[in-house]
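S.K.: coords please:
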Amino acid sequence: MKKIGITALTAIFLALLVFVIKPEGYFFKKENIGKVLAVDNSDAIVQGVSKVGCQHLKIKILTGEFKGTEIEANNLLSGSMEYDEFYEPEDKILMAVSFNEETEKVTGKVLSLLRIEKIAGLAFIFIFLLIAYARKVGVQSLISFIGSVLIIWNYLIPALKKGENVFIITVLTLIFLSGLIIFLVAGFTKKGWSAFLGTLSGLFVTAALTFCFGDTFKIDGMNQPMAQSVLFSSFMSINLLDIFYSAIVIGASGAAMDIAMDMTATIQELKYHNPDISRKDLIKSGFNVGRSVIGTMTTTLLLAYSGGFLTLMILFLERDTSLMQILNMKIVTSEIIKIIIGSIGLVVVAPITTYIASFIYSLPKNNFFRDDK
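M.R.: Below you'll find the predicted structure:
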């Protein structure tokens, strides 16, 4: 009977995945894979690390209707190192292939270097280690991981694209995802409910702080990657400030969930090894653990956010920019907001989850909350 809840939830979740994944959607588009046979760089100008001009490629199509066909294609180089790719013989590439009925020739357009095989290799290592260590919980966490990606990509991102009630949709989606992830891993048990309620506390605090204080910094949301392109492609219909607020809450929610589960697991272990421990002692011990966890988790947020801006910090150093100027720049201030609001959320989650878990684990038997497995 104890396994019915988690089994039922897993079945519902798998059914949800089938409903969410659309064959015509993003995950099932049909691109072709090709192999570069020869490269002609006579029209490409290489100046240091910058490349402009055009590469002439001879490509063999490896997949699809025209498998085995050899075609010629051009790779235009604009000099933008962020987007240009420079190909060499034997490279595998992702490409779009079409058939010209007038000339009766197969033509192709190079999209990017094929990297999915290496990504799959890393993913296999991750999955193997996860399941080898966590076993059943590892499988359940893997399902929740995949489900989170699919729901964010197939539901949250399209909803944000519409630009209506962006912040509310983000919060509701995160509540759903938090419940899905936590109950898949812990089940509808004392541990699951404690972690879920603790996560909600951090989520609501983060959302409230973002909503109340976000406007005071006068951030317009244009500091985000590709913001201008998104704004123009949507014909100015998307509110990028709301997208920025959503990014703050999304970034903090994962860490809040982690802290909530850590504190709940601590209370669970204390109660398991000492069933007669009082609620007061549970809270005291939980607070001691929470202080240590928070001490490192706040720094983790700093490292996570700053890691994506190493080149920008190097640029500041090269230009001898003052600290006062750096801290007041829009792009830097936006990251500081994420770190501080996320850290406040973490500081709140630890004690609240400790109180919630201590209360739930101190309840007499035969209560609403099912015992852990």
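S.K.: need the helix or strand of this protein with the lowest average pLDDT.
M.R.: One helix or strand of the chain scores below all others by mean pLDDT, DSSP states H and E: helix 4-20, with a mean of 50.
S.K.: next SSE after that one?
M.R.: strand 32-47 (DSSP states H and E).
S.K.: Sheet-wise, list the partners of that next one with their directions.
M.R.: strand 50-61 (antiparallel), strand 92-100 (antiparallel) (DSSP bridges).
S.K.: mind listing what's buried in that strand?
M.R.: For strand 32-47, the neighbour count (16 or more other C-beta atoms under 10 Å) marks 32, 33, 34, 35, 36, 39, 41, 44 as buried. Any C-beta I mention is one placed from the backbone N, CA and C, and that applies to glycine too.
S.K.: so how far is that strand off the chain centroid?
M.R.: Relative to its chain's centre, strand 32-47 lies at 34 Å (C-alpha atoms, centre = their mean, to the nearest Å).
S.K.: switch to numbering from 51
M.R.: Will do, 51 is the new start, and the previous item becomes strand 82-97.
S.K.: what mean pLDDT does it have?
M.R.: Taken as a whole, strand 82-97 has an average pLDDT of 87.
S.K.: what are the ranges of the helices in the stretch 201-350 of the chain?
M.R.: 207-212, 216-236, 240-263, 277-283, 290-323, 329-356 (DSSP state H, counting those that start in this stretch).
S.K.: want to throw those helices into a markdown table with mean pLDDT?
M.R.: Shown next, in a markdown table, are these (pLDDT from 0 to 100):
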| stretch | mean pLDDT |
| --- | --- |
| helix 207-212 | 82 |
| helix 216-236 | 87 |
| helix 240-263 | 89 |
| helix 277-283 | 66 |
| helix 290-323 | 86 |
| helix 329-356 | 82 |
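S.K.: Any chance of JSON lines for these, columns mean neighbour count?
M.R.: Putting these into JSON lines (neighbours: other C-beta atoms under 10 Å) gives the following:
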{"stretch": "helix 207-212", "mean neighbour count": "15"}
{"stretch": "helix 216-236", "mean neighbour count": "20"}
{"stretch": "helix 240-263", "mean neighbour count": "22"}
{"stretch": "helix 277-283", "mean neighbour count": "13"}
{"stretch": "helix 290-323", "mean neighbour count": "21"}
{"stretch": "helix 329-356", "mean neighbour count": "15"}
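S.K.: Quick one: closest of those helices to residue 373.
M.R.: Among the helices of the stretch 201-350 of the chain, the nearest to residue 373 by C-beta to C-beta is helix 329-356 (14.6 Å).
S.K.: about what we covered before: is it possible to export the helices of the stretch 201-350 of the chain to JSON lines including distance to residue 135?
M.R.: Below are the helices of the stretch 201-350 of the chain laid out as JSON lines (distance: least, C-beta to C-beta, whole Å):
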{"stretch": "helix 207-212", "distance to residue 135": "25"}
{"stretch": "helix 216-236", "distance to residue 135": "33"}
{"stretch": "helix 240-263", "distance to residue 135": "37"}
{"stretch": "helix 277-283", "distance to residue 135": "19"}
{"stretch": "helix 290-323", "distance to residue 135": "28"}
{"stretch": "helix 329-356", "distance to residue 135": "28"}
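S.K.: Next up, the contacts around the most centrally placed residue in the chain.
M.R.: Nearest to the geometric centre of the chain sits residue 199, at 7.2 Å (C-alpha atoms, centre = their mean). Not one residue lies near residue 199 by C-beta atoms under 8 Å, 6 or more residues apart in numbering.
S.K.: out of the helices of the stretch 201-350 of the chain, nearest to residue 385?
M.R.: Using C-beta to C-beta and comparing these, the one that lies nearest residue 385 is helix 329-356, at 5.2 Å.
S.K.: quick check: mean pLDDT across the following helix or strand past that closest one?
M.R.: On the C-terminal side of helix 329-356, the closest following helix or strand by DSSP H and E is helix 360-368. Across helix 360-368, pLDDT averages out at 81.
S.K.: buried sites along helix 360-368?
M.R.: residue 366.
S.K.: Contacts for that helix next, please.
M.R.: 356, 376, 381.
S.K.: Could you let me know which of the residues you listed ends up closest to residue 156?
M.R.: For the contacts of helix 360-368, the nearest to residue 156 is residue 381 (44.9 Å; C-beta to C-beta).
S.K.: Packing partners of the helix or strand containing the closest one?
M.R.: Here residue 381 sits within helix 380-411, counting by DSSP H and E. Applying 3 or more C-beta pairs under 8 Å, 6 or more residues apart in numbering; DSSP states H and E, we find helix 380-411 packed against helix 240-263, helix 290-323, helix 329-356, helix 373-378.
S.K.: what do you get if the cut-off is 10 Å, keeping everything else the same?
M.R.: Counting contacts by 3 or more C-beta pairs under 10 Å, 6 or more residues apart in numbering; DSSP states H and E, helix 380-411 packs against helix 240-263, helix 290-323, helix 329-356, helix 360-368, helix 373-378.
S.K.: what angle do the fourth one and helix 329-356 make?
M.R.: The reference is to helix 360-368. Between helix 360-368 and helix 329-356, the angle comes out at 70 degrees (axes from the mean of the first three to the mean of the last three C-alpha atoms, to 10 degrees).
S.K.: okay, now residue 149: neighbour count?
M.R.: By other C-beta atoms under 10 Å, 12 other residues sit near residue 149.
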